[in-house]
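In: Predicted model, plus sequence, below.
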Amino acid sequence: MLAKVRAVFARILLVIAFLPLSSLAYGPLGHEIVGEIADKKLAGTATEAKVRMLLDGMTLRRAATIPDEIKSWDKTGAADLSAFPHYPKTPRIEEQLREFSKANPPGPGANEITPSHHWFHYTDVPVADAEKYSDGKVGRGPWDVVHVIPYCIGVLRGEIAENNARKITKPVALILLAHLVGDIHQPLHVGAEYFSESGQPVDPDRGVPALADEGGNTLSLVQSATALRPRHYFHSFHAFWDVDAVRNLVIATPDELPKEKRAAIYEPAREKLLADLTATEARSWRTAGDPKTWAEKWADEILPVAREAHARVRFEHVHREERDGHAFAKGEAREIGSGYLDWATGVVKTELHKAGWRLADLLEHVL
């Protein structure tokens with residue numbers, strides 16, 4: 001998959017780079033929730049002190065949004081010190097992030113030796129069959145989220161030198177973990193649909209030619225109109241899960257609020273949700289074994305959810321398109337019946353809840 005920048009984030013990041021932290025819009029909301037649950041779980045512990053030391057006082061809530069923000073450096077190059085975003089309160093960390101971005105540049109010319117930092121956020125396991133991450137090869141890679149999480153753990157443990165080829169220092173490793181633990185709990189960051197040239201879903205691990213939907217980024221989600229929601233939502237399938245379902249969880253609407261209403265509605269709803277998710281233990285959140293094995297276990301756990309996310313839609317008008325010599329599947333994912341938003345919102349609540357508790361647990365084990 002070419003640099004997998006969600007269309008919604010591309011627009012948001014141009015704005016948030018120029019705004020104070022308190023003005024962050026809904027795009028980073030899911031990652032903020034995961035990071036802040038972990039902040040609250042670790043409060044007053046030795047692990048919290050180590051986190052603050054590594055991040056020069058930055059919280060996990062703040063760190064969790066950074067890996068998406070620095071994608072905006074791709075346009076001008078991380079070597080351009082005038083390029084936003086800036087992190088003036090943590091200049092040491094900003095310098096390390098720029099070196100990390102330069103060491104992992106995006107673009108179709110990248111290869112497995114010099115990966116794109118965009119690759120670190122996802123894996124694209126085919127959802128056609130009930131296979132686990134290790135059962136096939138298509139959509140997986142040595143620099144996908146399942147591999148980068150244990151790599152970051154190795155850096156934090158001192159098993160991998162900080163002066164590594166990827167320029168993942170201990171602070172950068174911690175920032176990546178704060179973000180990637182959230183990513184791996186998003187169904188479309190793990191499972192993807194593949195199509196034949198005629199637009200039919202296929203399993204590429206069975207050796208058949210296939211076009212990828214790039215984690216739902218090249219499909220538009222079409223939802224049914226209801227009495228409560230009279231309009232059709234026609235968004236990127238991937239962005240729906242990244243943004244709309246999270247917003248619906250927090251403020252009970254997938255729509256953006258007018259600016260004048262945000263402070264009165266958004267912040268109280270967010271605080272109430274965080275209090276609930278922090279105080280109530282997440283279901284089946286504990287993961288056994290060496291933390292380096294946890295990412296693959298989490299991917300296997302969410303794959304059935306990714307399959308259901310695709311099974312609840314029917315694919316229409318799927319066809320081949322090309323961009324910069326790269327072929328992919330373009331089309332629509334149309335909701336079957338109704339209730340997709342409500343179901344997805346429940347999934348998002350469960351997964352963000354587990355991700356926050358798991359991030360705190362992971363850092364307690366590793367640090």
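Out: Yes, it's here. Since this is a predicted model, take the numbers as computed values, not measurements.
In: contacting residues for the closest residue to residue 302 other than its chain neighbours?
Out: Spatial nearest neighbour of residue 302, chain neighbours left out: residue 190 (5.2 Å); criterion: CB to CB, 6 or more residues apart in numbering. Every residue, glycine included, has its C-beta placed from N, CA and C. Contacts here follow CB atoms under 8 Å, 6 or more residues apart in numbering; on that basis residue 190 touches 122, 123, 125, 145, 184, 299, 302, 303, 306.
In: Can you add secondary structure and give the residues you listed back as CSV?
Out: Output for the contacts of residue 190, formatted as CSV (DSSP: H, G, I helix; E, B strand; the rest coil):
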residue, secondary structure
122, coil
123, coil
125, strand
145, helix
184, coil
299, helix
302, helix
303, helix
306, helix
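In: Just send those residues back as a markdown table, with neighbour count and pLDDT too.
Out: Putting the contacts of residue 190 into a markdown table (neighbours: other CB atoms under 10 Å; pLDDT from 0 to 100) gives the following:
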| residue | neighbour count | pLDDT |
| --- | --- | --- |
| 122 | 27 | 96 |
| 123 | 28 | 96 |
| 125 | 29 | 96 |
| 145 | 24 | 98 |
| 184 | 27 | 97 |
| 299 | 25 | 98 |
| 302 | 22 | 97 |
| 303 | 22 | 97 |
| 306 | 26 | 97 |
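In: Looking at the residues you listed, which is nearest residue 103?
Out: residue 145 (17.9 Å; CB to CB).
In: ok, that closest one touching residue 184?
Out: Yes. Counting by CB atoms under 8 Å, residue 145 does reach residue 184; the two are 5.1 Å apart.
In: what do those two both touch?
Out: Common contacts of residue 145 and residue 184, defined by CB under 8 Å, 6+ apart, comprise 190, 295, 299.
In: The residue nearest to residue 302 and residue 252, how far apart?
Out: Between residue 190 and residue 252 the distance, using CB to CB, to the nearest Å, works out to 27 Å.
In: which one of the shared contacts of residue 145 and residue 184 is nearest residue 104?
Out: Residue 104 lies nearest to residue 295 out of the shared contacts of residue 145 and residue 184, by CB to CB, at 18.2 Å.
In: What count of nearby residues applies to the closest one?
Out: For residue 295, the neighbour count with other CB atoms under 10 Å is 27.
In: Check what pLDDT residue 221 gets.
Out: Note for residue 221: predicted pLDDT of 94.
In: just residue 177 next, same as before
Out: 98.
In: burial of it, as a residue count?
Out: With neighbours defined by other CB under 10 Å, the count for residue 177 comes to 26.
In: can I assume it is in contact with residue 362?
Out: Yes. Applying CB under 8 Å, one finds residue 177 in contact with residue 362, separated by 6.8 Å.
In: Which residues are in contact with each of the two?
Out: Residues touching both residue 177 and residue 362 by CB under 8 Å, 6+ apart: residue 153.
In: So for stretch 245-257, mean pLDDT?
Out: 90.
In: just stretch 226-237 next, same as before
Out: Taken as a whole, stretch 226-237 has a mean pLDDT of 73.
In: And stretch 308-326, by the same measure?
Out: Computed over stretch 308-326, the mean pLDDT rounds to 93.
In: what's in contact with it?
Out: Under the contact criterion CB under 8 Å, 6+ apart, stretch 308-326 has outside partners 2, 108, 127, 187-188, 191, 193, 195, 197, 199-201, 211, 218-219, 221, 237, 241, 327-336, 340, 343-344, 347.
In: Now a ChimeraX select for only the buried ones of those.
Out: Selecting only the buried entries of the contacts of stretch 308-326 in ChimeraX, with 16 or more other CB atoms under 10 Å as the criterion:
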select :2,127,187,188,191,193,195,199,201,211,218,219,221,237,241,328,329,330,331,332,333,334,335,340,344,347
